[in-house]
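In: A predicted structure for the sequence below; I have some questions about it.
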Amino acid sequence: MIKIKYDAETDILTIILKDDAPVDAIEEPGGIIVSYNEKEEPISIEFLNVSAKRGLSSFLCKLPRRLIL
């Protein structure tokens, strides 16, 4: 199951795709970090400064509470 976490203190939205340990991470343009497991599969996506990104903060508000950790 996909998990979504928002940390208001750091303003980071994290989407957890798999509960694996990260072994590598790549920062993409626009403040997005994708973490990978040892099989080179994406396991999480972090959106930095999410409140400043148009559309992402409204997306977060529309998510069912059961999906947000």
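Out: In hand now; what should we look at?

In: can we go C-alpha only for contacts and neighbour counts from here?
Out: Noted.

In: Count the residues that sit near I43.
Out: Applying other C-alpha atoms under 10 Å, we find 20 residues neighbouring I43.

In: Can you tell me the element it falls in?
Out: strand 42-48 (DSSP states H and E).

In: So what are the sheet partners of that strand and their directions?
Out: The strands that strand 42-48 pairs with in its sheet are strand 12-16 (antiparallel), strand 32-36 (antiparallel) (by DSSP bridges).

In: Ok, which of the ones you listed comes nearest A25?
Out: strand 32-36 (4.1 Å; C-alpha to C-alpha).

In: If you average the pLDDT over that closest one, what comes out?
Out: If you average the pLDDT over strand 32-36, you get 94.

In: Keeping just the C-alphas, turn it into PDB.
Out: Written as PDB, here are the backbone C-alpha positions of strand 32-36 (Å, rounded to 0.1, in the frame of the first residue of the first chain):
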ATOM      1  CA  ILE A  32      11.900  16.400  -6.000                       C
ATOM      2  CA  ILE A  33      14.000  13.500  -4.500                       C
ATOM      3  CA  VAL A  34      13.500   9.900  -5.700                       C
ATOM      4  CA  SER A  35      14.900   7.200  -3.500                       C
ATOM      5  CA  TYR A  36      15.800   3.700  -4.800                       C
END
